[in-house]
Every structure is written in structure tokens, then in C-alpha cells.
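Participant: need a structure here:
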Amino acid sequence: MSPLPDKYRVALVQMSCGPEPEQNLQKALERVADAARRGAKVVCLPELFEAQYFCQREDHSLFDLAEPIPGPSSEQLAKAARQHGIVLIASLFEKRAPGVYHNTAAIFDADGSLRGLYRKMHIPDDPLYYEKFYFTPGDLGFRALDTNVGRLGTLVCWDQWFPEGARLTALQGANVLFYPTAIGWHPAEKAEFGAAQHDAWRTIQRAHAIANGVYVAVVNRVGFETGNVRGKSAPGQGLEFWGASFFCDPFGRVLAEGSSDREEIIVGDVDLKALEEIRRNWPFLRDRRIDAYGPITNRLLDAR
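Facilitator: Numbers count the residues shown, from 1 in each chain. Below you'll find the predicted structure:
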């Protein structure tokens, strides 16, 4: 086995999604090839990139979008990882069994092998984000997986608001946390709350990087969507996905960031020697009081 690199490049594919899943997959594969040409050794795609964000409505027919893993889409993604010699992180609608579906990140290594799965743990249920209708909560726990470039962790979208998930993944040795994402504004709320929502989203993930001494890579989709899948849209106002994919270091410094309204590939470099130096000076993992954290497993700490 060849030694792991001290430095490597990651790429985040910020893309829009149309009504035809097959076309979205082909677009993603083209962007993956472009990222590899730019020197990326790890490429991450947005959450559920094969379709417009269909969770804007509850529709039983949309379960037909799901595939088993391995399956037709994952086979094409594995082939791309092998062809380009990259680690590829892809968020898929997984059909695990009849009536059991997951929002799953598949991690393919540079030889095309399926290194592992992460099934989204935190499932939202909000207006136009009706994910509890579609997805069974993950049962694999938080995971860091060994790859051609080292140990990586993947969480998915709503997971990004929970420090526990980031911590437990980092404690398994992940040097980078990847967050495939589909997040946007409700049009009626954007004027009043849009700036604050985006700032909170950016801030919480930068905090994960700082608190855990890791790089954080967040990849979002872009564009206005009505959940149109093969010509059938959701009723209502739709969602404006805000893009702004970004990559930050263990100080929380944003090293690369995308626009709010364009498709693009965001690249940044992981430097494991710099990560080691930051952790030596800010030894948060060393100084944790693990003897005092037992109550964290309670829903609330009610007054006695």
C-alpha cells in the first residue's frame, strides 16, 4: 500500500438539477471528470443530486426514484472513481428493502471499490422539507472511512447543525468532514430571514472545523426548484437553493467558496501537517472532560 499524501486537493461540485434524473447523473459525471482534470483527489457531489429536491411534497410515486446500492447509478459512479483515480462521495436515494429507504452517502475509493455508506442520521420535517415521509433514519452511526488519501467522514445536510455528529466522526480519525447538502430559502422568507439563515449555516459548520481540528467541505446545489421530476412539480412556491459551497480549514478560515447563483467547481487543498500543527496548539480533543459528559444522552436536563 502506497503511503498516504501529506497534501491533496478536494473538489466540490456545485450544480443545478433538472427534471430528468438520467441527465443529472450525466452532468454530475462530466463535472467529476472536470474536477479530476483540475487535480482533485476527492470529489463530492451535492445531496440527492440525481433529481430536483423532491421532498417538497409527499408523493408515493417518487419512491420509484430510489435504487439499491450497488445499483445502476452507483455502478456508474464507481466506474468514474476508478477511471479518474479519485475518491468520490455521492449522495443517493437508497432502496434498502421494500418500504425502507435511506438518504445515503456512498464513498467510492480510487480503485472504484465501495468503501462504505453513511446513512443520514438526522431527518428533517419542515415545510417543503418533508424528508421523514421518504427516509428511514440511518442505522450505521457516524462513520469515518479509510480511503486512498486517508480517513474521511461524511454527514448529510441536516446533520450539519448537530455538533455531536461532527464530534463523533472526528473522534474516529476523520481529517475532513464532507457535508453533501440541499438547502435553500423559502421565497416568502428570504427578505426577512435569508441573510441570517445563511450566516447561521456557514457559522455552525466553521465551528465544527474549529472544535474538532478538521477541514470541513460543504457542497450545496444551486438554482430555483419546484421539485419537478419528469414533468411533475410540487404545489407551492418552490425553493431557491443558495449554493455558497465552501471549504474551510481547522481554524475555520474559509479557503474557497462558491457563488449563490452559479454552477461551479470549488477546490481547496488539505494539508495534514498544518492540521497537526493546529491541533498541537489548540488541543481540544486532548482536554475533553469525557468523565463529565454522560448527561448529553438525555433529551433535556430538567430541573430537579
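Participant: For the stretch 1-150 of the chain, which segments count as helices?
Facilitator: Applying DSSP state H, counting those that start in this stretch to the stretch 1-150 of the chain gives helices spanning 21-37, 72-84.
Participant: between these, which gets nearest to Cys248?
Facilitator: helix 21-37 (18.5 Å; C-beta to C-beta). C-beta: built from backbone N, CA, C; applies to glycine.
Participant: can you pull the buried residues of that closest one?
Facilitator: Pro21, Asn24, Leu25, Lys27, Ala28, Leu29, Arg31, Val32, Ala35, Ala36 (16 or more other C-beta atoms under 10 Å).
Participant: what distance separates it from the middle of the whole chain?
Facilitator: Computed by C-alpha atoms, centre = their mean, to the nearest Å, the separation of helix 21-37 from the middle of its chain amounts to 17 Å.
Participant: residues in contact with that helix?
Facilitator: 11, 13, 15, 17-18, 43, 45, 49-51, 65, 73, 76-77, 80, 84-86, 88, 90, 229-230, 265, 267 (C-beta atoms under 8 Å, 6 or more residues apart in numbering).
Participant: Put the buried members of those residues into a ChimeraX selection.
Facilitator: Buried residues among these (16+ other C-beta under 10 Å), as a ChimeraX selection:
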select :11,13,15,17,43,45,49,50,51,65,73,77,80,84,86,88,90,229,265,267
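Participant: In strands, which of the contacts of helix 21-37 appear?
Facilitator: Among the contacts of helix 21-37, the ones falling in strands (DSSP state E) are Ala11, Val13, Val43, Leu88, Ala90, Ile265, Val267.
Participant: is it true that the fourth one touches Phe108?
Facilitator: Yes. Contact status for Leu88 versus Phe108: in contact at 4.5 Å, counting by C-beta atoms under 8 Å.
Participant: which residues are common contacts for those two?
Facilitator: Leu77, Ala78, Ala81.
Participant: And the pLDDT at the first one?
Facilitator: When you say that, I think you mean Leu77. Residue-level confidence at Leu77 comes out at 98, pLDDT.
Participant: State the mean pLDDT of stretch 136-154.
Facilitator: Per-residue pLDDT over stretch 136-154 has a mean of 97.
Participant: So what's the gap between it and the chain middle?
Facilitator: 11 Å.
Participant: how far does that stretch stretch from start to finish?
Facilitator: Length of stretch 136-154, first residue to last, C-alpha to C-alpha, to the nearest Å: 18 Å.
Participant: What residues sit buried inside it?
Facilitator: 136, 138, 142-145, 147-154.
Participant: could the residues you listed be laid out in TSV, adding distance to Leu285?
Facilitator: Shown next, in TSV, are the buried residues of stretch 136-154 (distance: C-beta to C-beta, whole Å):
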residue	distance to Leu285
Thr136	32
Gly138	24
Phe142	15
Arg143	18
Ala144	14
Leu145	19
Thr147	21
Asn148	25
Val149	21
Gly150	17
Arg151	14
Leu152	17
Gly153	14
Thr154	20
